[in-house]
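A.B. asks: predicted model and sequence below, questions to follow.
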There are 2 protein chains.
Amino acid sequence: MTVRPTLAGVAARAGVSASTASLAFSGSSRVTPATKERVLAAAAELGYAGPDPLAASLRRGHSGIVGVFIGERLRYSFRDPVSVQLLDGISEVLGTHGSGLLLLAGDSGRPPLEQILRMPLDAAIFATCGLEDDPALAALLARGVPVVAVEGPDVDGVPLIDIDDRGGVADLGRHLYELGHRRVATVAMPLRLDGTRGEVGAARRAMAHYRDVRHRIEGVEDVFGAVPTMETAGNAVAEGELAGRALLDVPAERRPTAVLAQSDILAAGVLSAAGGLGLRVPEDVSVTGFDGADLHWLAPARLTTVFQPTEEKGRAAAAAAMALVADRPAPDVLLPVRLRIGTTSGPPPG
Amino acid sequence: MTVRPTLAGVAARAGVSASTASLAFSGSSRVTPATKERVLAAAAELGYAGPDPLAASLRRGHSGIVGVFIGERLRYSFRDPVSVQLLDGISEVLGTHGSGLLLLAGDSGRPPLEQILRMPLDAAIFATCGLEDDPALAALLARGVPVVAVEGPDVDGVPLIDIDDRGGVADLGRHLYELGHRRVATVAMPLRLDGTRGEVGAARRAMAHYRDVRHRIEGVEDVFGAVPTMETAGNAVAEGELAGRALLDVPAERRPTAVLAQSDILAAGVLSAAGGLGLRVPEDVSVTGFDGADLHWLAPARLTTVFQPTEEKGRAAAAAAMALVADRPAPDVLLPVRLRIGTTSGPPPG
DNA sequence: GACTCCCGTCGAATCGATTCGATGCAGCAC
DNA sequence: GTGCTGCATCGAATCGATTCGACGGGAGTC
């Protein structure tokens, strides 16, 4: 391995100055085609593959890299179709701006704060990471890195890309209410990531990290008042099944006639629990979800759910990040959701 | 917004030299606690949040960022549990080394080559991107960026992290053969990403981009010789269903008694196709997969499949990348796979 | 008391490019 | 022939830190 050649070397060999060589590489500036060609030839001879991104970034003042924080460990986030769609939307817009996407996974345990601060980020997107007082958020802001929050912390100076969680769930609630349901229950995503499962009390509720989870509980209450709420330890089918069984495996007169799961994934688990207990959906119990993620494996059932424009959310977040990078203002965004009635909701039994 | 303070500014205010200030930040070197504190205090007053990663990286010569190429667009890759697990394994090891993971999605269309070359990568991992002659691969190598391939291009100087695709599928084949199957078919993942579906001929086969796809076909042939092979346009349940229907919706005497799908996802589609045609599994037709991804939505069927240590593959890839960055040699890795017999394979009918 | 050793601090070089303002040359018009 | 315009090229400053070798002063030793 010989030492990597530098722009200066190429310039010397081409018989031009470093500045001219730089111009030759930065594209179609005011450089004679002949000179440009000479520089490129010299580069080829020396095996110079183009300017060092690090040096260029330092000089330019930005790296073309946007950090995306996903709360949990990768493996959990990616199980979740919503995270994936979100990321896809983000990546799409970043791509058109020529920016890269640096994934920052929480890993729950060790705070990756130092690692984060070592990364040359032009901006950061907090995707579903709750927590107004996240140390990483504070650190980034202190450093002057523009931050965008997706259903995340609502902090001054941080554009918030949000959906109408509460209104959407309330729509679901009204749909069920109109069908005649009066005794319902909720299966909630984790209020915070500490592995807690079970009925959510007031104390627990006060500890909630996540805005969306809170809002989705409130949406139910807007229609039904306080209802039993089972918290899960993660947004996963198995968790939904656990919670569903806890709610449904009781005498019929105490059993909720409808279960509002906070995500389609959890709803899938509840459906599975219902099936396991010999309950028919929707004849014996109605089940609803949230996200509208089109879980193919639910076929032939079509889940009654609330569709949210997840990819659009991602695009909006990336667009906001790009705006901030360009020193343009980035307003908050509130995206609409839409009730989608499927085959898993119907009148209560009896 | 005031101008961001620099290390020099902090040093001046603390009454020390820039070098000392740098030492104070880089942790526990030979700096008097008192001095260190003075520097930190000055930093706090000025709102200096630590050294600029770009400048530090330039000086150090590396950025702490590893690029991970996933062939297709994000949305497709992440539908695939295998990609996700792989990424998770990679991220795990990268994390322990304090390195960041820069996601590079192909987006099929526009070549993101320029974008790639703008990124300050310490190393790159080609995850399931086939193609020995990928221009991005060439560009990175030309630039001197260490590259690792996961089931990817087999190029000199590029460590290959691989699994025994062929042997694993051959194990499946023998299992089926011993059960009595003689007329089988294969549902293949795309040989290249051009949206082609249908029976794979010799010409098409010569165009294959992907080593794993090729090897999994060969594994079947090792046991059964040439068999009908349906290519899909993507690794998705719907694609598997399409291919499955094409293979199974024929008179019983021409119908294969077993279908070897190249992935669990595709197998799920084939199962669905079989169900749609009123065929029982495994009584009327056996179905096998590959990956051992534990698709929860298959319950109660347990897929007969080949387990591959996907996460381990990711860890090995990341470890190899880290080795190369540290200028240590990184040997090829071949990970074992394991036949896992489930409830979807049995003797042929009749 | 002098010499040595060691440790904390400092200067200066360096990483590799970008960019602004200056320079010089050629062409054109009068 | 002279003066002006314009364009390609060049010099030098700059981005913000890291790091190596040198230096100086205090402590320990004989």
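C.D. replies: Sure, I can see it. These numbers come from a predicted model, not from an experiment. Numbers count the residues shown, from 1 in each chain, chains lettered A, B, ... in the order given.
A.B. asks: do stretch A:233-244 and chain B meet?
C.D. replies: Yes. Counting by Cβ under 8 Å from any Cβ of the partner chain, chain B has neighbours in stretch A:233-244: A:237-238. For the C-beta atoms, the positions are set from N, CA and C on the backbone; glycine is no exception.
A.B. asks: enumerate every residue touching the residue of chain A found nearest chain B.
C.D. replies: Among the residues of chain A, A:W297 lies nearest to chain B; the distance is 3.4 Å by Cβ to the nearest Cβ. Residues near A:W297 by Cβ atoms under 8 Å, 6 or more residues apart in numbering or on different chains: A:268, B:237, B:268, B:295, B:297-298.
A.B. asks: ditto for A:R211
C.D. replies: Contacts of A:R211 by Cβ under 8 Å, 6+ apart are A:130, A:151-154, A:162, A:165.
A.B. asks: same question for A:S17.
C.D. replies: A:A11.
A.B. asks: now A:V148: which helix or strand?
C.D. replies: Element membership of A:V148, judged by DSSP states H and E, is strand A:147-150.
A.B. asks: quick one: contacts of the helix or strand following that strand?
C.D. replies: In the C-terminal direction, the helix or strand that comes right after strand A:147-150 (DSSP H and E) is strand A:160-163. The contact list for strand A:160-163 (Cβ under 8 Å, 6+ apart) reads A:148-152, A:154, A:211-212, A:308-309, A:313, A:316-317, A:320, A:332-337.
A.B. asks: just the buried residues of the residues you listed.
C.D. replies: Buried by 16 or more other Cβ atoms under 10 Å in any protein chain shown: A:148-152, A:211-212, A:308-309, A:313, A:316-317, A:320, A:333, A:337, out of the contacts of strand A:160-163.
A.B. asks: would you check those and say which has the weakest pLDDT?
C.D. replies: In terms of pLDDT, the lowest of the buried ones among the contacts of strand A:160-163 is A:G152, showing 78.
A.B. asks: correct me if wrong: that one contacts A:P159.
C.D. replies: No. The criterion here is Cβ atoms under 8 Å, and A:G152 misses it with A:P159 at 10.4 Å.
A.B. asks: ok, the buried ones among the contacts of strand A:160-163 vs B:T344, which is closest?
C.D. replies: Using Cβ to Cβ, A:Q308 comes nearest to B:T344 of those, at 35.1 Å.
A.B. asks: next up, phi/psi of the closest one, please.
C.D. replies: Backbone torsions for A:Q308, taken as degrees, to the nearest 10, come to phi -120, psi 140.
A.B. asks: also A:R214?
C.D. replies: According to degrees, to the nearest 10, A:R214 has phi -60, psi -50.
A.B. asks: is there a neighbour count for it? I'd like the number.
C.D. replies: Residues near A:R214, counting by other Cβ atoms under 10 Å in any protein chain shown, number 17.
A.B. asks: gap between it and A:V150?
C.D. replies: Using Cβ to Cβ, to the nearest Å, we find A:R214 at a distance of 16 Å from A:V150.
A.B. asks: same deal with A:T6?
C.D. replies: For A:T6 relative to A:V150 (Cβ to Cβ), the value is 41 Å.
A.B. asks: for A:P336, same thing?
C.D. replies: Using Cβ to Cβ, one gets 16 Å for the distance from A:P336 to A:V150.
A.B. asks: what about the strands in chain A?
C.D. replies: Listed in chain order, the strands of chain A (DSSP state E) span A:65-70, A:100-105, A:123-127, A:147-150, A:160-163, A:184-188, A:198-199, A:229-231, A:258-261, A:286-288, A:305-307, A:333-335, A:338-340.
A.B. asks: deepest of the ones you listed, which one?
C.D. replies: Among the strands of chain A, ranked by average contacts under mean count of other Cβ atoms under 10 Å in any protein chain shown, first place goes to strand A:258-261 (a mean of 32).
A.B. asks: per-residue confidence averaged over that strand?
C.D. replies: On average, strand A:258-261 scores 98.
A.B. asks: name the residues that touch that strand?
C.D. replies: When contacts are defined by Cβ under 8 Å, 6+ apart, strand A:258-261 is touched by residues A:169, A:172-173, A:176, A:181, A:183-187, A:220, A:240, A:244, A:247-248, A:267, A:269-270, A:285-290, A:345, A:348.
A.B. asks: report the buried members of these.
C.D. replies: Neighbour counting by 16+ other Cβ under 10 Å classes A:169, A:172-173, A:176, A:181, A:184-187, A:220, A:240, A:244, A:247-248, A:267, A:269-270, A:285-290, A:345, A:348 among the contacts of strand A:258-261 as buried.
A.B. asks: show me these that map onto helices.
C.D. replies: Judged by DSSP state H, helices contain the following of the buried ones among the contacts of strand A:258-261: A:169, A:172-173, A:176, A:220, A:240, A:244, A:247-248, A:267, A:269-270.
A.B. asks: ok, so of the contacts of A:R211, who is nearest DNA strand D?
C.D. replies: Comparing the contacts of A:R211 against DNA strand D with Cβ to the nearest atom of the strand picks out A:P153 as the nearest, at 26.3 Å.
A.B. asks: these two touch, right, the closest one and A:L137?
C.D. replies: Yes. Between A:P153 and A:L137 there is a contact at 6.0 Å, judged by Cβ under 8 Å.
A.B. asks: more crowded one of those two?
C.D. replies: Legend: neighbour count by other Cβ under 10 Å for A:P153 and A:L137, higher for A:L137 (22 against 19).
A.B. asks: can you pull the contacts of that one?
C.D. replies: By Cβ under 8 Å, 6+ apart, A:L137 lies in contact with A:126, A:131, A:147, A:153, A:155, A:158.
A.B. asks: I figured the fifth one was touching A:V148, is that so?
C.D. replies: Which is A:V155. No. Taking contacts as Cβ under 8 Å, A:V155 lies outside contact range of A:V148: 10.8 Å.
A.B. asks: ok, of the strands of chain A, where does mean pLDDT dip lowest?
C.D. replies: Among the strands of chain A, strand A:100-105 scores lowest, at a mean of 87.
A.B. asks: ok, it: who's next to it in the sheet?
C.D. replies: Using DSSP bridges, strand A:100-105 pairs in its sheet with strand A:65-70 (parallel), strand B:100-105 (antiparallel).
A.B. asks: so for A:E253, which of those sits nearest?
C.D. replies: strand A:65-70 (42.7 Å).
A.B. asks: contacting residues around that closest one?
C.D. replies: Strand A:65-70 is contacted by residues A:77, A:83, A:87, A:90, A:94, A:99-106, A:116, A:119-129, A:136, A:318, A:321, A:325, B:65, B:100, B:102, B:119 when judged by Cβ under 8 Å, 6+ apart.
A.B. asks: again, but for stretch A:191-205
C.D. replies: With contacts defined as Cβ under 8 Å, 6+ apart, stretch A:191-205 is touched by A:71-72, A:108, A:130, A:188, A:190, A:207-210, A:213-214, A:217, A:228-233, A:239, A:242-243, A:246.
A.B. asks: any idea how far stretch A:85-97 is from the middle of the chain?
C.D. replies: Computed by Cα atoms, centre = their mean, to the nearest Å, the chain-centroid distance of stretch A:85-97 equals 11 Å.
A.B. asks: nothing else from me, thank you.
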